[in-house]
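[1] how would this look folded up:
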Amino acid sequence: SLSWSKRCLVFSKIPATPKRSPRGTRGMFIPHPIFTLQVGGGGGGGGGGGGGGGGAESVQSMFHHDYLINEKEKCKNENPFLVLLVISRNREKEVRNVIRKTWGGVHRVQVNLSGNAFEVNITRVFLLGRGGGGGGGGGGGGGGKVRYQDIVQQDFLDTYRNLTLKTMMGLQWVVDFCPQASYALKVDSDMFLNPENLVEIVLRPDLPLRSEYLTGFYMEGYSPIRNVNNKWYVSEDVYPSNRYPPFCSGTTYIFSTDLASKILQVAPNVSYIELEDVFMGLCLNKLGIKPHWPPKQGLFHISFVQYTPCVYRRIITSHGVSPNQLLHKCWHLQVFIIIAMYPVVRRYDD
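    Numbering: from 1, shown residues only. As a prediction, this is how the structure comes out:
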């Protein structure tokens, strides 16, 4: 244990979260490009940038779609402190399976804080739209509905441009079916997540429950891109202001569940932007709420963090992690380090 501590000190110097987002490279850090809203019709599978058709909807109705698959009783059965809302696509069956075997399979975490042991439950759901080609579930999550009971799917086309719809779906699901959770985490499927650090450093179950709280990789001072040839182009008609309010990167952000209903209330009255993290920031701004800086620098990362066991023991997220990296490198060595140095109670999926 001592030898591991010494070795970890060698690798512990990792890039810190900047206090202000870089000006010269603001475009590369905005995670989701702008496209025309697509809610139905047209072809195109999930995840593509371009795509056809799709009728326009009113702002009031665009956030309301029928469930194709739902897990209404999941939180009643599992009583979570934290619910993970994992952004997924129909074709990502193998990615979901890897997440279930790694960070998404951690259902219980025990941490020692303020001289006391705290044990919290974690629930996971994958958020999907429907596949292309008209009605039906487009595969229904590759068998997850039956075996794992962790698929939540609504009837809108599952495309890259509809990430805002998918995020609002996740918030609505928390409000309707998981109000007992204290916190929710929206996370992309290409992430490494350290649930123990998230609970121990950020959520702190030894402290009173926070309200109107959202944190992650803090982004401030970003301006809309007006170049029509840029994939992050936002017209002045869509967003006339020359500056976005503060927001947290859509790769991962954590929020208190009381915030979900408040965001849903103001969302229809906010300029609809298909950059879902920017849209969340606009909703927070409408509510007069600012995101919070993380309690420590260097926890949340919007790019890939080069792997060493001791670095990954100290972070919460790394972006752009492939399923192979997650399953065979980052996760299994991470588990070894955590169990060796910080024993926790875990329960994994079969």
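
[2] going by C-alpha atoms from here, please, whenever you check contacts or count neighbours.
    Will do.

[3] closest to the centroid, which residue in the protein?
    Nearest residue to the geometric centre of the chain (CA atoms, centre = their mean): Val187, 1.9 Å.

[4] that one contacts Ser88, correct?
    No - judged on CA atoms under 8 Å, Val187 makes no contact with Ser88 at a distance of 9.4 Å.

[5] state which strand of the chain is the longest.
    If each strand of the chain is counted by residues according to DSSP state E, the longest one is strand 116-130.

[6] contacts for the longest helix anywhere in the chain?
    Assignment by DSSP state H gives helix 163-177 as the longest helix of the chain. With CA atoms under 8 Å, 6 or more residues apart in numbering as the test, helix 163-177 has contacts from 62-63, 72-75, 85, 87, 127-129, 154, 184, 186, 257, 260-261, 264, 273-277, 279.

[7] just the ones of those residues in helices?
    74-75, 260-261, 264, 276-277, 279.

[8] as CSV, those with distance to Lys166 and pLDDT would be great.
    Formatted as CSV, the ones in helices among the contacts of helix 163-177 follow (distance: CA to CA, whole Å; pLDDT from 0 to 100):
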residue, distance to Lys166, pLDDT
Lys74, 19, 95
Cys75, 19, 96
Ala260, 13, 98
Ser261, 15, 97
Leu264, 13, 96
Glu276, 9, 94
Asp277, 12, 94
Phe279, 12, 96
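
[9] quick revisit: which of the contacts of helix 163-177 are buried?
    Among the contacts of helix 163-177, those scoring as buried are 62-63, 74-75, 85, 87, 127-129, 154, 184, 186, 257, 260-261, 264, 273-277, 279 (criterion: 16 or more other CA atoms under 10 Å).

[10] okay if I get the ones in helices among the contacts of helix 163-177 as JSON lines plus distance to Thr215?
    Shown next, in JSON lines, are those (distance: CA to CA, whole Å):
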{"residue": "Lys74", "distance to Thr215": "25"}
{"residue": "Cys75", "distance to Thr215": "23"}
{"residue": "Ala260", "distance to Thr215": "14"}
{"residue": "Ser261", "distance to Thr215": "17"}
{"residue": "Leu264", "distance to Thr215": "18"}
{"residue": "Glu276", "distance to Thr215": "15"}
{"residue": "Asp277", "distance to Thr215": "12"}
{"residue": "Phe279", "distance to Thr215": "15"}
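
[11] of all those, which comes closest to Glu236?
    Proximity of the ones in helices among the contacts of helix 163-177 to Glu236 (CA to CA) peaks at Phe279, which lies at 15.3 Å.

[12] ok, and the closest non-adjacent residue to the closest one?
    In this structure, Phe279 finds its nearest non-sequential neighbour in Ile273, 5.6 Å apart by CA to CA, 6 or more residues apart in numbering.

[13] wait, the one you found touches Met280, no?
    No - taking contacts as CA under 8 Å, Ile273 lies outside contact range of Met280: 9.4 Å.

[14] ok, now how distant is Ser261 from Arg204?
    23 Å (CA to CA, to the nearest Å).

[15] same question, Asp158
    35 Å.

[16] what about the two, which has more around it?
    Shown here are Asp158 and Arg204; by other CA atoms under 10 Å, Asp158 has more neighbours (30 against 18).

[17] Arg91 is in contact with that one, correct?
    No - Asp158 lies out of contact with Arg91 (CA under 8 Å); the separation is 10.2 Å.
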